[in-house]
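*Asks:* Structure, please.
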Amino acid sequence: MTQKQDITLVNPTTQAVVAPFDGAPRLPSLAGTRLGIIDDSKRNADVLLEELVDLLRTRYEISDVRWHRKPSASRPADPDAIKNLAEHCDSVIIAIGD
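*Replies:* Take a look at the predicted model:
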């Protein structure tokens, strides 16, 4: 005698969960602002960031620049360095190299 089995198929896919993100409020102007730079230590990140800083100083009259270089791209930035940048800078840029 054959026993009847019910089989339920399920779809294993899901919809992407996108976290809400508003971003930081934009500065009305860069003139006279203080800029923080985080270099991720990958090859050429420093070259890119130095060129960008030169451009921003010239074009937008950035008043001060503070640098933080991570020990490696695979490690997070030092929390104390992030705190320092947040306290002393109006904006921060991070770039990766390669």
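
*Asks:* residue ranges of the helices in the chain, please?
*Replies:* Taking DSSP state H as the criterion, the chain carries its helices at 45-60, 79-88.

*Asks:* Let me have the ones you listed in a markdown table, extended by distance to Ala24.
*Replies:* Where you see a C-beta, it was placed from the backbone N, CA and C, and this is true even at glycine. Formatted as a markdown table, the helices of the chain follow (distance: least, C-beta to C-beta, whole Å):
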| stretch | distance to Ala24 |
| --- | --- |
| helix 45-60 | 17 |
| helix 79-88 | 11 |
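
*Asks:* Out of those, indicate the one that is most buried.
*Replies:* Stretch with highest mean neighbour count among these: helix 45-60 (a mean of 14; mean count of other C-beta atoms under 10 Å).

*Asks:* Need the CA coordinates for that helix. PDB is fine.
*Replies:* C-alpha atoms of helix 45-60 as PDB (Å, rounded to 0.1, in the frame of the first residue of the first chain):
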ATOM      1  CA  ALA A  45      45.500  56.100  -1.400                       C
ATOM      2  CA  ASP A  46      47.900  58.700  -0.100                       C
ATOM      3  CA  VAL A  47      48.600  60.000  -3.600                       C
ATOM      4  CA  LEU A  48      44.900  60.400  -4.300                       C
ATOM      5  CA  LEU A  49      44.200  62.100  -1.000                       C
ATOM      6  CA  GLU A  50      47.200  64.500  -1.300                       C
ATOM      7  CA  GLU A  51      46.000  65.600  -4.700                       C
ATOM      8  CA  LEU A  52      42.400  66.000  -3.400                       C
ATOM      9  CA  VAL A  53      43.600  68.000  -0.400                       C
ATOM     10  CA  ASP A  54      45.700  70.300  -2.700                       C
ATOM     11  CA  LEU A  55      42.600  70.800  -4.900                       C
ATOM     12  CA  LEU A  56      40.300  71.500  -2.000                       C
ATOM     13  CA  ARG A  57      42.800  74.000  -0.400                       C
ATOM     14  CA  THR A  58      43.100  75.900  -3.700                       C
ATOM     15  CA  ARG A  59      39.600  75.800  -4.900                       C
ATOM     16  CA  TYR A  60      37.600  75.900  -1.600                       C
END
